[in-house]
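Asker: below: sequence and its predicted model.
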Amino acid sequence: MGKINLAITGCMGRMGQQLINSANKDRSTKLVALTEHKLIKKKISGIALGLNSEKTLSKANVIIDFTIPECTFEVLKIASKIKKRVVIGTTGFTKKEENLIKKFSKRIPILKAGNMSLGVNLLMYLTEITSASLGSNYLSKVFEVHHKHKKDYPSGTALMLGRGIAVGKNRDFYKMMGKKYLNKKKFPYGKKINFNSIRQGDIIGEHEVTFSSGKEIIKLNHEAFDRALYSEGAITAAKWLMNKKPGLYSMRNLLDFK
């Protein structure tokens with residue numbers, strides 16, 4: 001098989017720049033399109049930046065999108081029309097938007113993950129197992145820290161972990177979602193899953209799931225030191241998606257966790 005042609009949206013952002021670096025280092029991929037939300041007269045890696053359009057994205061086999069929900073749906077509309085695969089690392093979707101992504105996946109292969117790291121996806125798997133193993137007398141909460149520039153909270157990863165708790169209990173995640181705190185030194189357990197998000201400095205990402213019975217505490221955590229974790233995971237996802245039929249996939253499918 002020849003090189004996989006990649007398009008990266010939001011190429012001027014932090015993750016966009018990281019994705020470009022990882023794609024250029026990977027010998028099995030080739031950058032063919034880079035886009036931004038407004039036209040910028042600039043070239044990166046010899047490629048002129050463009051807008052999200054059928055013409056700009058037509059040469060790509062896979063589009064990698066780490067932007068904002070509004071941009072993601074712009075990309076999905078184009079991708080579904082010209083039959084392109086999409087890797088979504090964007091976070092902050094509402095329940096209605098999540099359902100809309102499922103509809104697009106009936107037409108094209110989509111891999112969506114709130115976090116592309118192997119370690120984080122393993123953490124989610126362990127969260128499900130722990131939640132399923134513990135009785136109803138154990139309460140849970142999710143804590144996360146990201147850099148000061150991250151706008152959405154809780155992070156997509158924190159929500160993934162919250163969903164893992166709900167799956168373990170065989171409960172609806174949205175009905176289990178509790179309060180969302182921002183920059184609190186301490187936050188309480190509750191009958192529902194509470195979240196606390198810290199935004200400071202240049203921290204790449206820290207996540208922790210805690211279970212407590214009042215008599216003991218169980219903690220599961222992950223800390224990221226290099227943003228390349230996410231970009232390399234996204235490139236791996238793009239390669240994996242190449243031989244998939246239309247459908248909505250996750251890193252869990254790629255990693256073949258049972």
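Answerer: In hand now; what should we look at? Just so you know, these numbers come straight off a predicted model, no measurement behind them.

Asker: is residue 181 bridged to anything, and to what?
Answerer: residue 196 (DSSP bridges).

Asker: check contacts around it.
Answerer: Going by Cβ atoms under 8 Å, 6 or more residues apart in numbering, residue 181 touches 187, 194, 195, 196, 197. Where you see a C-beta, it was placed from the backbone N, CA and C, and this is true even at glycine.

Asker: residues touching residue 115, list them.
Answerer: Neighbour list for residue 115: 121, 156, 157, 160, 205, 230, 233, 251 [criterion: Cβ under 8 Å, 6+ apart].

Asker: where's the nearest residue to residue 37 once chain neighbours are set aside, which helix or strand?
Answerer: Counting by Cβ to Cβ, 6 or more residues apart in numbering, residue 71 is the residue found nearest to residue 37 once chain neighbours are left out, at 6.1 Å. When secondary structure is defined by DSSP states H and E, residue 71 falls within helix 69-82.

Asker: what's the first helix or strand after that helix?
Answerer: If you walk from helix 69-82 toward the C-terminus, the next helix or strand you reach (DSSP H and E) is strand 85-88.

Asker: pick out the residue closest to the middle of the chain.
Answerer: Here the mean C-alpha position of the chain is nearest to the C-alpha of residue 114 (Cα atoms, centre = their mean), at a distance of 2.2 Å.

Asker: pretty sure it is touching residue 157, no?
Answerer: Yes. Residue 114 lies in contact with residue 157 (Cβ atoms under 8 Å); the separation is 5.0 Å.

Asker: now the common contact residues for those two.
Answerer: Between them, residue 114 and residue 157 have residue 91 as joint contacts when contacts are counted by Cβ under 8 Å, 6+ apart.

Asker: picking that back up, quick check: the residue nearest to the centre of the chain vs residue 217, distance?
Answerer: Residue 114 sits at a distance of 25 Å from residue 217 (criterion: Cβ to Cβ, to the nearest Å).

Asker: what of residue 199?
Answerer: Distance, residue 199 to residue 217, by Cβ to Cβ: 25 Å.

Asker: more neighbours: which of these two?
Answerer: Set side by side, residue 199 and residue 217 give different neighbour counts by other Cβ atoms under 10 Å, the larger being at residue 199 (17 against 11).
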